[in-house]
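Novice: Quick check, what structure comes out for this input:
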Amino acid sequence: MNARDDLERLLANPECYAILVNALEDYAGTLRGHVETFVNEAEAAYFERCIQHVEVLRDVFERWP
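Specialist: Numbering: from 1, shown residues only. Predicted coordinates:
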């Protein structure tokens with residue numbers, strides 16, 4: 001099996017799906033906290049980009065069959 005097949009199998013399991021979605025939300029919260037605490041604009045921009053990636057992943061998970 002390749003990684004895509006493994007991911008599809010894991011996401012088909014409601015418990016695994018919930019774990020991934022909750023972990024993603026926790027990570028997004030951590031990133032938002034970093035944006036607020038870092039003064040360096042480059043670091044803040046990096047965390048903002050990461051948050052955008054998290055939002056794209058969240059959208060994918062919401063549309064997952």
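Novice: Quick one: low-confidence residue ranges for the chain.
Specialist: 39 (pLDDT under 70).
Novice: can you give me the helices in it?
Specialist: 3-12, 14-37, 41-63 (DSSP state H).
Novice: how about CSV for those helices, with mean neighbour count added?
Specialist: Quick note: C-beta positions are derived from backbone N, CA and C, even for glycine. What follows is these, written out as CSV (neighbours: other Cβ atoms under 10 Å):
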stretch, mean neighbour count
helix 3-12, 11
helix 14-37, 13
helix 41-63, 12
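Novice: any idea how far stretch 14-30 is from the chain center?
Specialist: Taking the mean of its C-alpha atoms, stretch 14-30 sits 7 Å from the chain's own mean (Cα atoms, centre = their mean, to the nearest Å).
Novice: Please apply the same query to stretch 31-46.
Specialist: 17 Å.
Novice: And the contacts of it?
Specialist: 47, 48, 50, 51, 54 (Cβ atoms under 8 Å, 6 or more residues apart in numbering).
Novice: Return that stretch as CSV; C-alpha atoms alone will do.
Specialist: C-alpha atoms of stretch 31-46 as CSV (Å, rounded to 0.1, in the frame of the first residue of the first chain):
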residue,chain,number,x,y,z
LEU,A,31,0.4,28.7,15.7
ARG,A,32,-2.0,31.6,16.5
GLY,A,33,-0.4,31.9,19.9
HIS,A,34,3.0,32.1,18.3
VAL,A,35,1.9,34.9,15.9
GLU,A,36,0.7,36.9,18.9
THR,A,37,3.9,36.4,20.9
PHE,A,38,6.6,36.8,18.3
VAL,A,39,7.7,40.3,17.5
ASN,A,40,9.9,39.4,14.6
GLU,A,41,7.9,40.1,11.4
ALA,A,42,9.6,37.2,9.5
GLU,A,43,8.6,34.7,12.2
ALA,A,44,5.1,36.1,12.4
ALA,A,45,4.7,35.8,8.6
TYR,A,46,6.0,32.2,8.8
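Novice: Could you pull up the residues touching residue 11?
Specialist: Per Cβ under 8 Å, 6+ apart, neighbours of residue 11: 17, 20, 61, 64.
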